[in-house]
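Engineer: quick one, fold the following:
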Amino acid sequence: MAATHDVLLLVGRLNYVWTNTESLLIYVIAHLLKVEKESAIIVFLTLNTTRARIDLTERLAKLATTPAETRDEVLAITERLKLQAKVRNKYNHCIYSFDEQGEISSTQMMRLVEGEKDVRYGKVEQVDARELERLDNAIREIADISKRLWAFIRSRPNFDERSI
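Structural biologist: Presented below is the predicted three-dimensional model:
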């Protein structure tokens, strides 16, 4: 069982670092498409899910015209981002359960798993000290991915920091 305040603080931090990091894909998309930032913003915002944005970025990186070094770097970054997306999705798409004291005790996923003859839903996971550490680690990893994205973006020949 974890204090509600602690869980909500970590989930808030998770969302903050995630949103800032995901938005950096705009610059990667601009580079891969060879367009200005404004066009990349339109593409980014037209794709209304994280999964679609990452898929587009990966597909552009895999084009034959993309230099191997760029492709490898982008794919390594997006792979790390996809792993952390699972944690982010869990905490943004779950139901929180509370104990008798009003503290968050567990999460229940809002996802159906359909078998041949049955339907299951709502995997329940305890929110304990280990889970809070997992959340904290995810936040640190996403912040590190952000730094890696910035390094990639700044290393591009036509990147102009004044355009941010």
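
Engineer: tell me the secondary structure for the residue of the chain most remote from its centre?
Structural biologist: Distance from the centre of the chain peaks at Lys117, with 33.6 Å (CA atoms, centre = their mean). The local conformation at Lys117, judged by DSSP: H, G, I helix; E, B strand; the rest coil, is coil.

Engineer: isn't Lys90 right next to Thr107, touching?
Structural biologist: Yes: assessed by CB atoms under 8 Å, Lys90 is found in contact with Thr107 at 6.7 Å. All C-beta atoms are positioned from the backbone trio N, CA, C, and that covers glycine.

Engineer: the worst-scoring helix or strand of the chain on mean pLDDT pairs with which strands?
Structural biologist: Within the chain, no helix or strand scores below strand 112-114, which has a mean of 82 by mean pLDDT, DSSP states H and E. Next to strand 112-114 in the sheet, as set by DSSP bridges, lie strand 119-121 (antiparallel).

Engineer: show me what the mean pLDDT comes to for the strand it pairs with.
Structural biologist: In this model, strand 119-121 carries a mean pLDDT of 84.

Engineer: strand partners of the following helix or strand past it, parallel vs antiparallel please.
Structural biologist: Sequence-wise, the next helix or strand downstream of strand 119-121 (DSSP states H and E) is strand 124-126. Counting by DSSP bridges, the strands paired with strand 124-126 are strand 104-109 (antiparallel).
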